[in-house]
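Engineer: Fold the following for me, if possible:
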Amino acid sequence: MRNIYLITYDICDDKRLRKVFKTMRNWGDHLQYSVFECQLNGAELHKLKIELKEIINAAHDQVLFVDLGPAAGRGERVIEAIGRPYVSVASPCVIV
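Structural biologist: Numbering: from 1, shown residues only. I've put the predicted structure just below:
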């Protein structure tokens, strides 16, 4: 079963930040600066965490995973914005 995850990160070093961003682009939709939405099953989530652990400095950086629940049967995505409107991402999620 695939779940939707909101993944956000705070990386202190620019080089590591670029690597994390490039990694995350392979896994989900870029919503805002350091925020991605990803549809992942358990094995994919585990693999993504391993990839990120190899990049970040655990003493200084942080990656948060927010499980929004099952992807199937959710209906329309519910994202509300204050300020600039949210624009839906038209690109498909490609998982390698």
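Engineer: Where is the longest helix in the chain?
Structural biologist: helix 42-55 (DSSP state H).
Engineer: Quick one: list the elements packing against that helix.
Structural biologist: strand 3-10, helix 14-25, strand 62-70 (3 or more C-beta pairs under 8 Å, 6 or more residues apart in numbering; DSSP states H and E). (Glycine included, C-beta is placed from N, CA and C.)
Engineer: Please identify the buried residues of the second one?
Structural biologist: Going by neighbour count (16 or more other C-beta atoms under 10 Å), the buried part of helix 14-25 is R16, L17, K19, V20, T23, M24.
Engineer: how close does the closest residue in space to the fifth one that isn't next to it in sequence get to G73?
Structural biologist: So that's T23. Using C-beta to C-beta, 6 or more residues apart in numbering and skipping residues adjacent in sequence, the residue nearest T23 is E51, 5.4 Å away. According to C-beta to C-beta, to the nearest Å, E51 and G73 sit 29 Å apart.
Engineer: What of R18?
Structural biologist: Look at R18 and G73: by C-beta to C-beta, they are 36 Å apart.
Engineer: of E51 and G73, who's got more company?
Structural biologist: Ranked by neighbour count (other C-beta atoms under 10 Å), E51 and G73 place E51 first, with 16 against 6.
Engineer: circling back: export the helices and strands packed on helix 42-55 as JSON lines, with columns for distance to Q39 and mean pLDDT.
Structural biologist: Output for the helices and strands packed on helix 42-55, formatted as JSON lines (distance: least, C-beta to C-beta, whole Å; pLDDT from 0 to 100):
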{"stretch": "strand 3-10", "distance to Q39": "6", "mean pLDDT": "94"}
{"stretch": "helix 14-25", "distance to Q39": "13", "mean pLDDT": "98"}
{"stretch": "strand 62-70", "distance to Q39": "10", "mean pLDDT": "92"}
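Engineer: what would those look like in CSV with distance to H46?
Structural biologist: Conversion of the helices and strands packed on helix 42-55 to CSV gives the following (distance: least, C-beta to C-beta, whole Å):
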stretch, distance to H46
strand 3-10, 12
helix 14-25, 14
strand 62-70, 11
